[in-house]
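J.: Quick one, structure for this:
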Amino acid sequence: MLFGDYRVEIVPDAEFRLDGGAMFGVVPRALWSRVAEPDAENRVRLNANCVFVAAGRERIVIETGVGDKWSAKQSAMYAVSRERTLGESLKAITGYGAEEITVVVNTHLHFDHAGGNTKLDGEGGAAPTFPNARYFVSADEYAHAESPHERDRASYHAENWRPLAASGQLELKPATYEVVPGLALETVAGHSRTMQCWRLARGGRTLYGFADLVPTRAHVAPAWVMGYDLYPVETLEAKKRLLPRAAREGWLCLFYHDAEAPLCRVVEDGGKLRAVRFEDNRQSSEHSLN
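T.: The predicted structure follows:
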């Protein structure tokens, strides 16, 4: 997909599952199970939809998925399912290998967004997956990852960022910054105080990556907020600010964890928002919630 003179591709990492109650917070199971069928352990199907951007000389990967450093026990716990590594998917979809990536961007350092930053090094440790890349994360998020809240401590695995600091590849960024012209990150509080969302504006079009603010199409409804969010009221406020604008201005929206249709448009109909699948420049497969 072309955005002006930039190339954009969705690069899925791996499917996995998380508890449905945690994913939908105060929304009753009777409602959320209509759009996210739980398994026998009450887990719902998710994905990690990373994004590749080719911008001039820069070849950028936004988010790196869950990674493949998991033990058999951990893989079973989260029902991690993959056909190939992120690097293999990147090569198959974009034609570029991991060694050709110049920038990696993390919206935050939770394991399902930064797990592929590193890979096992064969000696019981971890090494950068993208050996020639600069890795960008906000300084505030890095500080939070090193001293996390009790409620999200389990989501931070230091092997996903400390090897990058040791190699000199980790670059700490401000709350708002630009990766390349037209691709900007901004801190949006809710999921945490330090998570960022990203926006690509190029060629008269906008693609907005909501990260964990709106993780799936089912979370477009304002009150559908994850139980994982440290500040759910702020999540709600941010959604009420951003999603109507996305509908009004015709943004493409990237819902990072959606297992079936991560790339959508948001439309407003009768005072309610719904996500509409984007595919081959056509809109189809409507998904709406009350």
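
J.: Surely Arg134 is in contact with Asn106?
T.: No. Look at Arg134 against Asn106 with CB atoms under 8 Å: they stay out of range, at 11.7 Å. Glycine gets a C-beta too; all of them are placed from N, C-alpha and C.

J.: So between the two, which is more surrounded?
T.: Ranked by neighbour count (other CB atoms under 10 Å), Arg134 and Asn106 place Asn106 first, with 29 against 18.

J.: got the contact list for Val225?
T.: Counting by CB atoms under 8 Å, 6 or more residues apart in numbering, Val225 makes contact with Gly25, Val26, Gly190, His219, Pro232, Thr235, Leu236, Lys239.

J.: Regarding the closest residue to the third one other than its chain neighbours, what is its secondary structure?
T.: Spatial nearest neighbour of Gly190, excluding adjacent residues (CB to CB, 6 or more residues apart in numbering): Thr235 at 3.2 Å. Counting by DSSP: H, G, I helix; E, B strand; the rest coil, the backbone at Thr235 sits in helix.

J.: could you measure Thr235 against Pro128, distance?
T.: Distance of Thr235 to Pro128, given as CB to CB, to the nearest Å: 32 Å.

J.: In ChimeraX, how would I select just the buried ones from the contacts of Val225?
T.: To isolate the buried ones among the contacts of Val225 in ChimeraX, judged by 16 or more other CB atoms under 10 Å, type:
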select :25,190,219,232,235,236,239
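
J.: Pull out the buried residues from stretch 245-261.
T.: Buried, per 16+ other CB under 10 Å, within stretch 245-261: Ala246, Ala247, Trp251, Leu252, Cys253, Leu254, Phe255, Tyr256, His257, Asp258, Ala259, Ala261.

J.: ok, what's across the strand from the fourth one?
T.: Meaning Leu252. For Leu252, the beta-bridge partners are Leu207, Arg265 (DSSP bridges).

J.: Assess the claim that it and Arg265 are in contact.
T.: Yes. At 6.3 Å, Leu252 and Arg265 qualify as touching, with contact defined as CB under 8 Å.

J.: Could you pull out the residues contacting both of these two?
T.: Counting by CB under 8 Å, 6+ apart, the residues touching both Leu252 and Arg265 are Phe278.

J.: any idea where the helices of the stretch 101-250 of the chain begin and end?
T.: Assigned by DSSP state H, counting those that start in this stretch, the stretch 101-250 of the chain shows helices spanning 111-114, 139-146, 162-167, 232-249.

J.: Can you say which of these is nearest to Ala175?
T.: Nearest of the helices of the stretch 101-250 of the chain to Ala175, taken as CB to CB: helix 139-146 at 6.3 Å.

J.: got a list of contacts for that closest one?
T.: Applying CB under 8 Å, 6+ apart, the contact partners of helix 139-146 are 106, 108-109, 156, 158, 161, 170, 172-175, 187, 192-196.

J.: And the pLDDT for Gly122?
T.: The model reports Gly122 with a pLDDT of 86.

J.: Leaving out sequence neighbours, find the closest residue to Lys239.
T.: That would be Pro222: by CB to CB, 6+ apart, it lies 5.1 Å from Lys239.

J.: For that neighbour, which residues are in contact?
T.: Leu236, Lys239, Lys240, Leu243, Leu273.

J.: For this structure, give me the ranges with low pLDDT.
T.: Within the chain, the ranges that satisfy pLDDT under 70 run 280-290.

J.: go with 80
T.: Scanning the chain for pLDDT under 80 picks out 279-290.

J.: what's the spacing between the residue nearest to Gly190 and Met226?
T.: For Thr235, the distance to Met226 equals 8 Å [CB to CB].

J.: Mind listing the shared neighbours of those two?
T.: Listed as contacting both Thr235 and Met226 by CB under 8 Å, 6+ apart are His191.

J.: one step back: which of the buried residues of stretch 245-261 sits closest to His113?
T.: Using CB to CB, the shortest approach to His113 within the buried residues of stretch 245-261 belongs to Tyr256, at 7.5 Å.

J.: didn't that closest one look like it was pressed against Ala48?
T.: Yes. Counting by CB under 8 Å, Ala48 is a contact partner of Tyr256 at 6.8 Å.

J.: so how many other residues sit close to the closest residue to Phe24 other than its chain neighbours?
T.: The shortest distance from Phe24 to any non-neighbouring residue, by CB to CB, 6+ apart, is to Trp32 (4.1 Å). Residues lying near Trp32 (other CB under 10 Å) number 21.

J.: mind checking how far Trp32 is from Tyr228?
T.: Trp32 is 14 Å from Tyr228, by CB to CB.
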